[in-house]
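S.K.: Here's a sequence, model it:
(3 chains)
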Amino acid sequence: MADTILEVKNLTKYFKTKHGMLHAVDGINFKLARGKTLGLVGESGCGKSTTGRTILRLIEPTAGEIIFEGKDINKLSRSELRHARKDMQLIFQDPYSSLDPRKTVSQIISEPIIANKILKTSADIDARVAELMSTVGLAARLFNAYPHELDGGRRQRIGIARALAMEPKFIVCDEPVSALDVSIQAQILNLLKELQAEFNLSYIFITHDLSVVNHFSDEIAVMYLGKIVEKAPAEQLFDNPLHPYTKALLSAIPIPELGAKKERILIQGEITSPINPPDECRFYKRCNYACDRCKALPELKEIAPDHFVACHLVGEI
Amino acid sequence: MLLLTRASKRAIRSEVNAVETVKRKFTAAELQQYKKRSMFGEVWRNYKKSPSAMIGLVVLVIIIVVAIVAQFIYDYDTDIVQQNIKERFQTPSAEHPFGTDQYGRDVLTRVLYGAKYSLAVGIVSVAISCVLGSSLGLIAGYYGGFTENLILRVCEVFAGIPSVLLGIAIMSAFGQSIVVLMFAIGLVYVPMFARTARAAVLPVRDQEYIEAARVSGVGDLKIIFGHVLPNAMSPIIVQVTMGVANGILTASSLSFLGLGVPVPAPEWGAMLSGGREFIRDYGYLTLFPGLAIMITVLVFNLMGDGLRDALDPKLKQ
Amino acid sequence: MSEKAIEKQKDLILDVKNLNVRFETDDGIVRAVNGLDLEIERGHAIGLVGETGAGKTTTALALLRLVPDPPGVVECEKLELDGRDVLGMGIKELEKVRGKDISMIFQDPMTALNPVFTVGDQIAESIFLHEDVSYVEAQKRAVAMLELVGIPGERAGEYPHQFSGGMKQRVVIAIALACHPQLLIADEPTTALDVTIQAQVLDLMKNLRQQYQTSLIMITHDLGIVAEICDEVAVMYAGNIVEKGTLEDVFNRTKHPYTEGLFNSLPNIRDRKAMLTPIKGLMPDPTSLPEGCPFSPRCPYAGEDCTAPQVVRNISATHFVRCCAYDRPGFHIERKER
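M.R.: Got it, this is the predicted structure:
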């Protein structure tokens, strides 16, 4: 990986709660190559959204390094951070709550341009907003529309246009299509792919939908209770999942085809509490293969080239 | 892997274009037709739609005009305060439509002339408490944590003191004049506004568009006044309309205690409390100033409701 | 002649003819359901598939006669549940039917349970209301129901907040099945759940349905879930069923252009490089539906004949499609039969 745009080392975020330390993100490591997409998959509460926000320093990490284009984001001062944020943007899950209902489409898209004083005159700003709108496929007649007048797909396009306004190099997409209908979802996924090719963008694509992440990512990291349990190139992860959790997750996807019925691996119970988790394999309590060895926390080890798994029993199950 | 072939790229592009519009640059002239939904024009158009709000506005204008005209046609010394014991306690008649009070002064004249005191005290004091209180509430709600606790606790201490008592304390410390009265009432209602504003900010604070603004590099102050305030406005506006009413009534109480507008001046509250001892035999002495206060308060409430609705873009069509 | 014979044999649990629901709002009349016909045979599971605003939930509410009125107006030629006319029922009778013969599982388990009663009480209440049993007996049955859905019986005395999302949905299912209804309507029962939990809940529903021979209407936007637990599929668009048939009919011998569009929009888990082909445009505004076929403005095969009123076209005894393009000689859609 010669051209790494982002490297995350031992990223950790604990939240203090009434009942103890909540381990939202617990020492994760990964690299993202320029122009590529890393899919971050997991169920609710696994820390994937916290990871995305911590990378942008919207949440201050407890420990770890976030090296973006050679600079440690964690060590930047406020003004330096503001400068760095031009290159790092976020696309939100909810196209309803992520747009200020009292601002028009053009006000929303122009906000980053004005805040960072990129363009001065209002004619220039309007022209840039119109350009961005056409880039994401929004009709110019929506220039002064309010978000509530638009449907979910168009709203998500506004969010994308706002993220693109600063000409970022890297975008965290936090479940960008989860709130959308299938036909609209496909429109947005195609748009994101097209933009990636056009502007050489690097994405971190956070989602719980495995069929979407498979379609979209080059590499996929599966998270469970704040830890990455398996990371591999997308094809490899889907063809040859090694971690018991990944296996269960993949087998749980309902496939819209007949005769696609395959062995379903049902796992017991639900995600356990991330508050003060014991020092055992995070998946221990639900794993069908758990044994005594699993009482020690497994390391993320490279099993095959680029294929990392955190499980003591790899190869045995 | 993600370097799409030229053909597939074209395919995606054609899809995106099919969805919305052909990709092209827009000229300034073209954009001009979609501009400019002026903020003020829009609010006014919506405000006009509500008959009750319009009635409120018309009546308020009438009250203000009467208050101004009364200054010119009546002479303070001869028409307003000069006693005429011979004509005391006259019930309403053609000569004295509202009757005369215990000193033989014409009640109608005094009510009309007194409009300026009540309006000024009500509006100015609310302006003071709204600006101060809402700012404190916004800051408390937006930043949370220690700042929030500090502001809230101080507000609670002040809210614990009965408003009239606090008013008395301020009036006696700074002397008796209408300006001090305005400030005193303004300060008394600061905690109420602070709490209302803070409560209104809480749900807005966690919306994703606030986060989006931060990612876009918008400063805190701009976020507070550009995003948080407009979305937290409704309860504050309601509070303002109630505040005007409260301000007028508190001013009356203070006047009653001899601490408000100095005695012979025909402030409505003072007239109301002056007529109180004769309420059994000469009810009209309290009826007319009371009606005046009631109508003024009602007018502000009607306008507040209309304004709140007009400012909400979701109701715009 | 033979058709009539078939009709007689059908043992219908639900028979709906020409159901119309509209909401009369200030902004105009929202036509949520437009002339929907639906027949469900006893013991069958039918998937009602469609996107937001297709009228799936409104249809379900109309079957229970729960559409809020005003602004809702429901018109229907025939609405029979197990041979009984639901349209003519009074409130008392309806209350007996709801929860007893027909019950519903809602999308969000977090809000479907009352936070101030224990889950045991909430299950027992449904049994107590509909069956002639003592409250103690109802409580006992509630515990048994809990165990049936895979929750230890001793947790009957706990409150909803002590359960996780998946557990709550199990409790909701237990309440819905407590009186062994003949028809169960599940409105996106797993949308709020994680995939692994969804798999558990679907598994549970499948087993229980087999056990009790309950008929099921599964409302969902996920064709994968339909493939997993339904026998039949009805695809809804703009308030009407545009295609209905058995799983094989709809999945392998797709006929309607909208159904085809839905399939093409889904990422293919086996072929990750396959392009997604979205359906162009947006759902029509339900206050002003286009003339004729509501899908025609987005349809790649649309022609002049599409503005005519749409009639149902039978492909086979089980499969019908609402698309006039099949009147054109030699018309077929691009999706291949399998």
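S.K.: What residue in chain C comes nearest to chain A?
M.R.: Across chain C, the shortest distance to chain A (Cβ to the nearest Cβ) belongs to C:Gly224, at 2.9 Å. Backbone N, C-alpha and C define where each C-beta goes, glycine included.
S.K.: How about the secondary structure of the nearest residue to B:Ala53 once chain neighbours are set aside?
M.R.: Distances taken as Cβ to Cβ, 6 or more residues apart in numbering or on different chains place B:Gly306 nearest to B:Ala53, at 2.2 Å, with adjacent residues excluded. Using DSSP: H, G, I helix; E, B strand; the rest coil, the structure places B:Gly306 in helix.
S.K.: Kindly report the same for B:Leu152.
M.R.: Assigned with three-state DSSP, B:Leu152 falls in the helix class.
S.K.: List the residues that contact the closest residue to it other than its chain neighbours.
M.R.: The shortest distance from B:Leu152 to any non-neighbouring residue, by Cβ to Cβ, 6+ apart, is to B:Ala140 (6.0 Å). Taking Cβ atoms under 8 Å, 6 or more residues apart in numbering or on different chains, we find B:Ala140 in contact with B:147-148, B:151-152, B:194, B:198, B:201.
S.K.: Wasn't C:Ile46 part of a strand?
M.R.: Yes: assigned with three-state DSSP, C:Ile46 falls within a strand.
S.K.: Please state the offset of the helix or strand encompassing the residue nearest to B:Leu152 from the chain centre?
M.R.: Secondary structure from DSSP states H and E places B:Ala140 in helix B:107-143. Put simply, helix B:107-143 sits 7 Å off its chain's centre (Cα atoms, centre = their mean, to the nearest Å).
S.K.: So the closest residue to A:Leu258 other than its chain neighbours, which state does it fall into?
M.R.: Counting by Cβ to Cβ, 6+ apart, A:Leu258 lies nearest to C:Phe251, which is 4.9 Å off, once chain neighbours are set aside. Here C:Phe251 is helix, with the state taken from three-state DSSP.
S.K.: Show me which positions of the helix holding B:Ala140 end up buried.
M.R.: Residues of helix B:107-143 classed as buried: B:107, B:109-130, B:132-142 (neighbour count, 16 or more other Cβ atoms under 10 Å in any protein chain shown).
S.K.: Ok, stretch A:80-88 next?
M.R.: Within stretch A:80-88, the residues that count as buried by 16+ other Cβ under 10 Å are A:81-82, A:84-86, A:88.
S.K.: what's the closest of these to chain C?
M.R.: Closest to chain C, out of all of the buried residues of stretch A:80-88 and judged by Cβ to the nearest Cβ, is A:Met88, at 26.3 Å.
S.K.: residue contacts, the residue nearest to the closest one when sequence neighbours are not counted?
M.R.: Nearest in space to A:Met88, with sequence neighbours left out and distances taken as Cβ to Cβ, 6+ apart, is A:Phe170 at 5.1 Å. For A:Phe170, the contacting residues are A:5-6, A:32, A:68, A:87-89, A:201-204, by Cβ under 8 Å, 6+ apart.
S.K.: Now, of these, which are buried?
M.R.: Here, 16+ other Cβ under 10 Å leaves A:5-6, A:32, A:68, A:88-89, A:201-204 buried among these.
S.K.: now, among the residues you listed, which is nearest to C:Gly245?
M.R.: Using Cβ to Cβ, A:Tyr203 is the member of the buried ones among the contacts of A:Phe170 that lies nearest C:Gly245, at 39.2 Å.
S.K.: which residues does that closest one bridge with?
M.R.: Bridge pairing for A:Tyr203 (DSSP bridges) gives the partners A:Thr37, A:Ile171.
S.K.: How about the contacts made by C:Leu282?
M.R.: C:Leu282 is in contact with A:151, A:153, A:184, C:298, counting by Cβ under 8 Å, 6+ apart.
S.K.: Among those, which lie within helices?
M.R.: A:153, A:184 (DSSP state H).
S.K.: Would you state the helices of the stretch 201-317 of chain A in chain order?
M.R.: With DSSP state H, counting those that start in this stretch, the ranges of helices along the stretch 201-317 of chain A come out as A:210-216, A:234-239, A:244-251.
S.K.: Do you know the pLDDT at residue 212?
M.R.: All of this is about chain A. pLDDT recorded at A:Val212 is 87.
S.K.: oops, I was thinking of chain C
M.R.: 84.
S.K.: With the one 5 residues further on instead?
M.R.: With respect to pLDDT, C:Ile217 has a value of 92.
S.K.: any chance you could map the strands in chain A?
M.R.: Along chain A, the segments classed as strands by DSSP state E run A:4-17, A:20-33, A:37-41, A:63-68, A:71-72, A:88-91, A:170-174, A:202-207, A:219-224, A:227-233, A:301-304, A:307-309.
S.K.: Please name the spatially closest residue to residue 269 (chain neighbours excluded).
M.R.: In the absence of a named chain, chain A is used. Leaving aside its sequence neighbours, A:Gly269 sits nearest to A:Arg286 (Cβ to Cβ, 6+ apart; 5.2 Å).
S.K.: my question was about chain C
M.R.: Counting by Cβ to Cβ, 6+ apart, the residue nearest C:Ile269 is A:Ser211, at 4.7 Å.
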